[in-house]
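Q: my questions are about this predicted structure, shown below with the sequence.
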Amino acid sequence: MSSPNVTQKPAQTSSPLSRRAFCGLLIAGALAGAESSRAAQGGTSLAVRAEILYPVSGASIKNGVVLIRDGIIVAVGPDIPIPSGTQVVLTKAAMPGMVDAHAHYGVLYETEETADAITPDLRIRDGFDPAAPSLRAATRAGVTTFCLMPGNGNALAGQASLFHLGESALLLRDYAAQKISLTAANAQRNPTSRSGLLALVRQAFDSAKRGQAVSSVTQTNLLADFPTSLDERVRALMPLLHGERPVFIHAPTSDDVENALRLFDEYRWKGGLLHAAEGFEVADEIRRRNLPVILGPLRYSDTDRMLANAAKLAKAGVKLAFCSDAPLSSPAGLRLSAALAVKYGLSPADALRALTLSPAEMMGIGDRVGSLTVGKQADLITFSGDPLDLTSRVETVVSTGKIVFKAGPR
Amino acid sequence: MTRLSALLLVLTLFIGSVAHAQQSPLALTGAKVYPVSGPPLEHATVLIVDGRIKAVGANVTIPADARRVDLRGAVLIPGLVEARSALFLTDTNLAGAGAPDQDVLDAADLFDKEAGKILAQGVTTLYFSPGNRGSVGGVGAVVKLHSPTAGSGEMWAEPLKTRAALNLTLGLSANGRSTSLERLNSYEALRGLFRGAEQYQKAFTRYEADLQAYEKQQKQTPPKATTGAPPVGTAPPAGGPPAAAVPQKPVKPRSVPAQEVLVTALRREIPVRIEAHRPDDILNALRLADEFKLRLILESATESAGLAGEIARHHAAVVWGPMLPDGAPRLETIHATPETVALLARAGVPLALSTNSRSGLASRFLRENAALAIGYGLTPAQALKAITLGAAETLGVADRVGSIQAGKDADIVVLSGEPFSPAAQVRRVFVNGSEVYTAK
């Protein structure tokens, strides 16, 4: 996936769609981040030595060391000399910081704008509260990157943003993805059916090609002479049609998945499927299109079929990510999702990848985060035992080389 | 099916299972045993006679006619006890817009085959909980799962204790909407309920006293054969006793089923289980229990981190869980901190860990839920107790289940590894000494 707007510095974004000033709160976050990276440039270094190290990009390493300088991983391996004077974290197990592929941190009750079903110009981060308690819970759980997504209540729901999470949330990419929900039909407003929803979504993209915007609140859904605000809608759709931004489609049931696959075929979007709990029924079709799937959160109340979904998709060769849906669920549920999927047949290696590198790749930042690899941002979690053993607890969370959470004594 | 025939069926099944258990003794040998009532035992034998545990230990004499099962390398734990479950209940039946005498068993589909999946994960006893949507849920039951003969159409459950507790709810939001006034109302409604029950109870006490007085008087002054009692309304003869002294036979108050349930709670015969999340609601639950001297079990107690000592002082038990939300959160649960469970344990609060879901299927992850609790600070021993003996004590059935101890029902789970190891699989499950699940 191309990532033209990703640079080496965390707070940068250069998308033409995001030239607006950040909202004030985000500026504060960005400044805090800039400060911490300045501190990092002062030459701070940190080493993590784990009895078992899961780099995710490669095989696990016994007695592995991750050496960090200026927030960046500078060495990973079993025989890494630790320079004297380096702060060392000793631990049982360590893995990369988790990448939460679909979350609503800080936007608990405003996950979409339901006045209109077509809001591709809506930026969910405009309603983001950087002081939300769920962000602290995410840090404690080991989430260091997340994709802030709109909810499932709108057809063309809006723009997702990527954030890096440490002591504060730092915007990584403004327009990271577009969200489509195939379950947003609603008896109270247009569209009222699945087929109506699909027609409306197609209309929105087809009209955008002609420079026309679509709204669900007018009689015709077609606005010939659109006001400026609708102009934004057209502009929001163009990068999707050009394959410059991914589209993630909420498609929980197998018929939703089939509809989503048809849309991907028709419009040649990049992206993937969201919450495809019945994806296993059409796993080969998903694989054939090389589409990744974001799953979760898996719950105790899920049926056996749903819990075996991840293993079946992985077996078919589909790339997977787990998401928390937080704060609609707990960010700690990411690890529970992975553990439940393993109980139902997913390999532990695939499970760890689905928490880290795979979602990073889906979001186009696999070159920066998601694995313990030299040159990547130093985001990692240390555990009292195996990460997929639910009795293990998160002991330390490191974000950009800085310890941002440390568990208290037992 | 009428309630009577259902009960008869339950009774038949129960007798049937007891009869079935009366076979040759069974000796489970060589396993590591977690009795929970005591420290773990290596290479121990569990001797089962007539569906009950006869002996546990390293030096148990095995009768010659005993059937031996070699379980070397395996780990035995008691059948798991789920302190709150929605198994056998449809979502509609969970509504619980109830009266105190609303019995959860009346809404149950005890033929639900999902029970088999839960049994296969080692959960053998569960509290079958009324809903929490209204402030009064009704009475719950403790049931034991067993495995009916395939295709027999038999039920999956056998009631161990009916009308086991009264379920109430304090300050729960409906669909994310909540006001402090509603909280106040729901607390006052519950107080009113128990005050009414006290009056009801007093009416009966008064009746009993009046009846005794009446009967005593009748004995002391046997009716004269000739005159009998003076006709009503006639003036007493001059110099005779006043009319008021002529005792009227007291009228027995009408029995009200809902009040009868509340009275059993007032008499502390059954506990009151109150679901409460916020600190103010938890404190209100403690106050309610104080005022009416109720045996209190707090359900959820989400924000009890600062109240652990207070809860312990009130001798209230807590049914805690799930460790992580198993559905969209309500206003009351968004501040949940899983570490709280360890604070409760440290304060000495009697603890049961539950998956506490609106879905019956969730109970199959009781062991995983307890594993999570260890990740948040419980010791493995505390976690195991909270899904076995601790839960059984909370449910009032610890005389029958919850530990591997002589005299208890032989409900035993055979694991391939340590109780909370992710690799440990359930190999076999025994209920009343009968093998009800065997891993393929």
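A: Arrived safely, thanks for sending. Residues are numbered from 1 along each chain as shown, chains lettered A, B, ... in the order given.

Q: pull out the buried positions in the longest strand along chain A.
A: Using DSSP state E, we find that the single longest strand of chain A is strand A:169-181. The neighbour-count check on strand A:169-181 (16 or more other Cβ atoms under 10 Å in any protein chain shown) flags A:169-181 as buried. Backbone N, C-alpha and C define where each C-beta goes, glycine included.

Q: please apply the same query to stretch B:60-79.
A: Buried, per 16+ other Cβ under 10 Å, within stretch B:60-79: B:60, B:66, B:69, B:71, B:74-79.

Q: for it, measure first residue to last.
A: The straight-line separation of the ends of stretch B:60-79 (Cα to Cα, to the nearest Å) is 21 Å.

Q: how far does that stretch sit from its chain's centre?
A: Relative to its chain's centre, stretch B:60-79 lies at 30 Å (Cα atoms, centre = their mean, to the nearest Å).

Q: so, low pLDDT: which residues of the chain?
A: Picked chain A for this. A:1-43, A:218-229 (pLDDT under 70).

Q: should've been chain B
A: Using pLDDT under 70, the flagged stretches of chain B are B:1-22, B:91-97, B:151, B:173-180, B:222-247.

Q: show me which of the buried residues of strand A:169-181 is closest to residue A:154.
A: residue A:181 (6.1 Å; Cβ to Cβ).

Q: so who does the closest one touch?
A: Residue A:181 is in contact with A:151-155, A:157, A:249-250, counting by Cβ atoms under 8 Å, 6 or more residues apart in numbering or on different chains.

Q: repeat that with 6 Å
A: Shown in contact with residue A:181 (Cβ atoms under 6 Å, 6 or more residues apart in numbering or on different chains): A:152, A:157, A:250.

Q: run through the bridge partners of it.
A: Residues in a beta bridge with residue A:181, per DSSP bridges, are residue A:250.

Q: which parts of the chain are helices?
A: No chain was given, so I picked chain A. Taking DSSP state H to define them, one finds helices in chain A at A:24-41, A:133-141, A:194-209, A:228-241, A:254-267, A:283-288, A:304-315, A:333-343, A:348-355, A:357-362.

Q: my question was about chain B
A: Taking DSSP H as the criterion, chain B contains helices spanning B:3-21, B:115-119, B:180-220, B:257-266, B:279-292, B:308-313, B:340-346, B:366-375, B:380-386, B:389-395.

Q: output those as CSV; include the columns mean neighbour count and distance to residue B:249.
A: Putting the helices of chain B into CSV (neighbours: other Cβ atoms under 10 Å in any protein chain shown; distance: least, Cβ to Cβ, whole Å) gives the following:
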stretch, mean neighbour count, distance to residue B:249
helix B:3-21, 14, 33
helix B:115-119, 22, 52
helix B:180-220, 14, 6
helix B:257-266, 19, 23
helix B:279-292, 19, 32
helix B:308-313, 18, 48
helix B:340-346, 22, 54
helix B:366-375, 26, 56
helix B:380-386, 23, 54
helix B:389-395, 27, 43
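
Q: and the stretch 301-410 of chain A, which residues reach chain B?
A: A:301, A:328-330, A:332-333, A:336, A:389-393 (Cβ under 6 Å from any Cβ of the partner chain).

Q: reformat these as JSON lines; add neighbour count and distance to residue A:293.
A: Listed next are these as JSON lines, based on neighbours: other Cβ atoms under 10 Å in any protein chain shown; distance: Cβ to Cβ, whole Å:
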{"residue": "A:301", "neighbour count": "20", "distance to residue A:293": "21"}
{"residue": "A:328", "neighbour count": "19", "distance to residue A:293": "19"}
{"residue": "A:329", "neighbour count": "25", "distance to residue A:293": "18"}
{"residue": "A:330", "neighbour count": "27", "distance to residue A:293": "21"}
{"residue": "A:332", "neighbour count": "26", "distance to residue A:293": "22"}
{"residue": "A:333", "neighbour count": "26", "distance to residue A:293": "17"}
{"residue": "A:336", "neighbour count": "30", "distance to residue A:293": "18"}
{"residue": "A:389", "neighbour count": "22", "distance to residue A:293": "25"}
{"residue": "A:390", "neighbour count": "29", "distance to residue A:293": "24"}
{"residue": "A:391", "neighbour count": "23", "distance to residue A:293": "29"}
{"residue": "A:392", "neighbour count": "20", "distance to residue A:293": "26"}
{"residue": "A:393", "neighbour count": "17", "distance to residue A:293": "29"}
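
Q: now, among those, which is nearest to residue B:36?
A: residue A:391 (17.5 Å).

Q: thought the closest one was touching residue B:375?
A: Yes - look at residue A:391 against residue B:375 with Cβ atoms under 6 Å: they come within range, at 5.3 Å.

Q: before we move on, the earlier item: any chance of the helices of chain A in JSON lines, plus distance to residue B:88?
A: Below are the helices of chain A laid out as JSON lines (distance: least, Cβ to Cβ, whole Å):
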{"stretch": "helix A:24-41", "distance to residue B:88": "49"}
{"stretch": "helix A:133-141", "distance to residue B:88": "34"}
{"stretch": "helix A:194-209", "distance to residue B:88": "33"}
{"stretch": "helix A:228-241", "distance to residue B:88": "48"}
{"stretch": "helix A:254-267", "distance to residue B:88": "29"}
{"stretch": "helix A:283-288", "distance to residue B:88": "34"}
{"stretch": "helix A:304-315", "distance to residue B:88": "18"}
{"stretch": "helix A:333-343", "distance to residue B:88": "23"}
{"stretch": "helix A:348-355", "distance to residue B:88": "33"}
{"stretch": "helix A:357-362", "distance to residue B:88": "38"}
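
Q: and of the ones you listed, who's closest to residue A:109?
A: With Cβ to Cβ as the yardstick, what comes closest out of the helices of chain A is helix A:133-141 (12.2 Å).

Q: let's see that closest one as CSV, backbone CA atoms only.
A: Presented in CSV, the C-alpha positions along helix A:133-141 are these (Å, rounded to 0.1, in the frame of the first residue of the first chain):
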residue,chain,number,x,y,z
PRO,A,133,-10.0,7.8,30.2
SER,A,134,-10.2,5.0,27.6
LEU,A,135,-6.9,6.2,26.1
ARG,A,136,-5.1,5.5,29.4
ALA,A,137,-6.7,2.1,29.5
ALA,A,138,-5.4,1.5,26.0
THR,A,139,-1.8,2.5,27.1
ARG,A,140,-2.0,0.1,30.1
ALA,A,141,-3.2,-2.7,27.8
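
Q: so which elements touch it?
A: strand A:402-406 (3 or more Cβ pairs under 6 Å, 6 or more residues apart in numbering or on different chains; DSSP states H and E).

Q: which strand runs longest in chain B?
A: strand B:157-169.

Q: what angle separates it from helix B:257-266?
A: 90 degrees (axes from the mean of the first three to the mean of the last three Cα atoms, to 10 degrees).

Q: so which of the contacts of residue A:181 is the most crowded?
A: residue A:157 (28 neighbours; other Cβ atoms under 10 Å in any protein chain shown).

Q: correct me, but that one touches residue A:114?
A: No - here residue A:157 does not reach residue A:114: they are 9.8 Å apart, not a contact under Cβ under 6 Å.
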